[in-house]
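Engineer: Below are the sequence and a predicted model for it; my questions follow.
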Amino acid sequence: MSNLKTMLLVTVPYTPTENSFRMIPATKDCPYVDVVYWKDKKVLEITSIIKRSEYAMFAKLDDNGDAEPRKSAKTLEDGQKITHKQERRIAEVNTKYYIINKDEIDAFVAQVAINSDTVDYKQYLNDTNLVKGNAPMEIIKP
């Protein structure tokens, strides 16, 4: 790939009072479907065009295409109730990558976005909780 600058950087509403940024494909040969900066998670999520297969749970359908009801609702650990039968199937999904380091996020955006010098995306990266440089990060909190 000769030209890495294949995405357009845009500012998007994140909450009713805050904004964030995302990148959208600008050329047909772009290797990414979508790039989003999640402010609450402080991570840049990159969705690739590379597909892979993974197992997922889907509603079991009857002959009419309706979800088959369970005899009794099942409650999951997170409190969610399942009222229909489920079956495990293989689904094709896009591969996702995550960047948590502030310097690496900045470098990726500058390398891939066509308009990285005109859109002020760095204002969203000025959070003190982002991982800076080679600083260690606590992944699992007790």
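Structural biologist: Looks like it came in fine.

Engineer: quick one: low-confidence parts of the protein?
Structural biologist: 1-2, 127-142 (pLDDT under 70).

Engineer: Mind doing that once more with 90?
Structural biologist: Where the chain drops to pLDDT under 90, the residues are 1-5, 14-19, 39-42, 57, 70-83, 102, 116, 120, 122-142.

Engineer: Contacts for the strand ranked longest in the chain, please.
Structural biologist: Once the chain is assigned using DSSP state E, the strand that runs over the most residues is strand 43-59. Residues from elsewhere that reach strand 43-59, judged by Cβ atoms under 8 Å, 6 or more residues apart in numbering: 30-38, 67-68, 84-100, 105, 108-109. C-betas here are computed from N, CA, C, even on glycine.

Engineer: Just the ones in strands from the residues you listed, please.
Structural biologist: Those of these lying in strands (DSSP E): 32-38, 84, 86-99.

Engineer: Now the buried members of those.
Structural biologist: With burial judged by 16 or more other Cβ atoms under 10 Å, the buried subset of the ones in strands among the contacts of strand 43-59 is Tyr32, Val35, Val36, Tyr37, Ile99.

Engineer: and these, which two are the farthest apart?
Structural biologist: Tyr32 and Tyr37 (13.5 Å; Cβ to Cβ).

Engineer: Contacts only, for Lys39.
Structural biologist: Going by Cβ under 8 Å, 6+ apart, Lys39 touches Tyr14, Glu18, Ser20, Tyr124, Asp127.

Engineer: same thing but at 6 Å, please
Structural biologist: Residues in contact with Lys39, defined by Cβ atoms under 6 Å, 6 or more residues apart in numbering, are Tyr14, Ser20.

Engineer: Next, find the distance separating it from Asn19.
Structural biologist: Lys39 is 9 Å from Asn19, where distance means Cβ to Cβ, to the nearest Å.

Engineer: swap in Pro69?
Structural biologist: 43 Å.
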